[in-house]
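# This is the structure alone, sequence omitted:
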Ligand SMILES: N=c1c2ncn([C@@H]3O[C@H](COP(=O)(O)OP(=O)(O)OP(=O)(O)O)[C@@H](O)[C@H]3O)c2ncn1[C@@H]1O[C@H](COP(=O)(O)O)[C@@H](O)[C@H]1O
């Protein structure tokens, strides 16, 4: 059965399929046409808006901003050729590591 978690994988496929669509018809294509710096800028803006919502907005606003952030993050990963599976694999590899272990692993 489809769960909400599956939407990220589906959205990744949609974003990849829309990358080279007509910029008139597709927001994903329009962002890609503007280039990686614009995509990265949008991720930064959406992250800031999510932080502002967390600190001074309602949880409903935070949900909207978090969705914008995840969507734009997926557009940036796609533009760099990094798969969501690769990122999820990194998170999976960290399972069971405590924060302290993670810090020690990174300083090696
Ligand atoms: N999830 C989203 C999604 N979330 C947000 N947005 C768009 O992101 C934009 C963000 O709005 P902003 O005001 O921040 O940005 P803007 O003013 O349009 O752009 P700038 O002036 O900042 O350049 C809006 O145009 C939203 O419509 C999205 N656009 C598309 N998707 C998904 O991507 C799929 C493909 O979309 P298209 O590429 O448009 O076909 C869709 O079916 C959706 O599933």
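Nice, I can see it. Just so we're clear, the structure is a prediction, and the values are computed from it rather than from any experiment.
# Show me which residues of this protein are close to the ligand?
11, 14, 18, 26-29, 68, 71 (Cβ under 6 Å from any ligand atom). All C-beta atoms are positioned from the backbone trio N, CA, C, and that covers glycine.
# now with 5 Å?
14, 18, 26-28, 71 (Cβ under 5 Å from any ligand atom).
# Buried subset of those, written for PyMOL?
Buried residues within these, by 16 or more other Cβ atoms under 10 Å, are selected in PyMOL with:
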select buried, resi 18+26+28+71
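# Adding pLDDT and secondary structure as columns, could you present the residues of the chain next to the ligand in JSON lines?
As requested, the residues of the chain next to the ligand are exported to JSON lines (pLDDT from 0 to 100; DSSP: H, G, I helix; E, B strand; the rest coil):
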{"residue": "14", "pLDDT": "98", "secondary structure": "helix"}
{"residue": "18", "pLDDT": "98", "secondary structure": "helix"}
{"residue": "26", "pLDDT": "98", "secondary structure": "coil"}
{"residue": "27", "pLDDT": "98", "secondary structure": "helix"}
{"residue": "28", "pLDDT": "98", "secondary structure": "helix"}
{"residue": "71", "pLDDT": "98", "secondary structure": "helix"}
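# State the pLDDT value of the closest residue to residue 19 other than its chain neighbours.
Counting by Cβ to Cβ, 6 or more residues apart in numbering, residue 19 lies nearest to residue 32, which is 5.2 Å off, once chain neighbours are set aside. At residue 32, the model reports a pLDDT of 98.
# ok, residue 32 touching residue 16?
No: at 10.5 Å, residue 32 does not count as touching residue 16 under the criterion of Cβ atoms under 8 Å.
# Those two - which one has more neighbours?
residue 32 (21 against 16; other Cβ atoms under 10 Å).
# So what touches the host helix or strand of the residue nearest to residue 19?
With secondary structure defined by DSSP states H and E, residue 32 is part of helix 27-34. Helix 27-34 is contacted by residues 14-15, 18-23, 38-39, 42, 75, 79 when judged by Cβ atoms under 8 Å, 6 or more residues apart in numbering.
# For the protein, which segments count as helices?
Here the chain has its helices, by DSSP state H, at 6-18, 27-34, 36-56, 59-80, 84-94, 99-107.
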